[in-house]
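K.L.:
Prediction below, plus the sequence it came from.
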Amino acid sequence: MSLPAHSPLVYLVDDDDAVRDALALLLRSVGLRSEGFSDPQVFLDSLAPQAIGCVVLDIRMPGIGGLDVLARLAEVSDLPVVMLTGHANVDLCRRAFKGGAMEFLQKPADDDVFLDAVQTAVRTHIASRERQAVTQAAVERLGRLSGRERDVLERIVQGMSNKEIAREFELSPRTVETYRANVFAKLETDSLAQLIRQYASLLDSPPP
């Protein structure tokens, strides 16, 4: 069965060819695509910023060690990382989690434990990207507002009535009602609760 090219991708970064091949086969059994890298620098150089999925990263590799890769990865990507090692100890585990690893597994990892860790990481990343997309769309809609409409939105979120807003800006209540209607229309919002939930936190940022 072929897998869609846009599906999440699991990056297998391990200098052991046999390990990469075995993990790739295991991932494919649950419908997950993977791409293997024996050289961590090649992985870092080829990683696309928009990549969705997760990274399975060996700790001990020639050249750049897994913890160094983890640190570099954190600077350029939000992909969750599952660390693998055949030489686990408390210090390595602590350093891996401190560096941002989502999971730390010892080789040879149980198949079910490994798959659960990877699938959890992938689901987490997809959910994170979906939240980012929703937020970005909201920011773009917020940019449609005029300065006065944004002023009115801020007062609405603060719980002010139309009369109170009109008094503050020395406008007629009917004019405020027009601004209010424009705000709801431009933000594609049907209710006050939705308006507050989606936009209250975004109003702390300067207008785009």
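P.N.:
Now that the structure is in, tell me what you want to look at.

K.L.:
now for the longest helix seen in the chain, which elements pack on it?
P.N.:
Longest helix of the chain, by residue count under DSSP state H: helix 111-142. Judged by 3 or more CB pairs under 8 Å, 6 or more residues apart in numbering; DSSP states H and E, the packing partners of helix 111-142 are helix 17-28, strand 53-58, strand 81-85, strand 103-106, helix 192-199. Glycine gets a C-beta too; all of them are placed from N, C-alpha and C.

K.L.:
hey, C-alpha coordinates of the last one in CSV?
P.N.:
Looking back up the chat, that one is helix 192-199. Extracted C-alpha coordinates of helix 192-199, given in CSV (Å, rounded to 0.1, in the frame of the first residue of the first chain):
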residue,chain,number,x,y,z
LEU,A,192,-19.4,36.9,21.8
ALA,A,193,-18.0,33.8,23.5
GLN,A,194,-16.2,32.8,20.3
LEU,A,195,-14.9,36.3,19.8
ILE,A,196,-13.3,36.4,23.3
ARG,A,197,-12.0,32.8,23.0
GLN,A,198,-10.3,33.4,19.7
TYR,A,199,-9.1,37.0,19.9
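
K.L.:
residues contacting the most centrally placed residue in the chain?
P.N.:
Nearest to the mean C-alpha position of the chain, by CA atoms, centre = their mean, lies Ser128 at 3.3 Å. Ser128 sits next to Asp78 when contact means CB atoms under 8 Å, 6 or more residues apart in numbering.

K.L.:
and the closest residue in space to Pro173 that isn't next to it in sequence, what does it touch?
P.N.:
In space, and not counting its chain neighbours, Pro173 is closest to Ala166: 4.8 Å by CB to CB, 6 or more residues apart in numbering. For Ala166, the contacting residues are 172-173, 175-176, by CB under 8 Å, 6+ apart.

K.L.:
who's in contact with stretch 172-181?
P.N.:
148-149, 152, 156, 162-163, 165-166, 169.

K.L.:
meant to ask about stretch 54-74
P.N.:
Outside stretch 54-74, the residues touching it (CB under 8 Å, 6+ apart) are 8, 10-16, 19, 23, 39-41, 43-44, 47, 79-87, 92, 95-96, 99-102, 118, 121-122, 125.

K.L.:
For PyMOL, what selects the buried ones among those residues?
P.N.:
Buried subset of those, written as a PyMOL selection, criterion 16 or more other CB atoms under 10 Å:
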select buried, resi 8+10+11+12+13+14+19+23+40+43+44+47+79+80+81+82+83+84+85+92+95+96+99+101+102+118+121+122+125
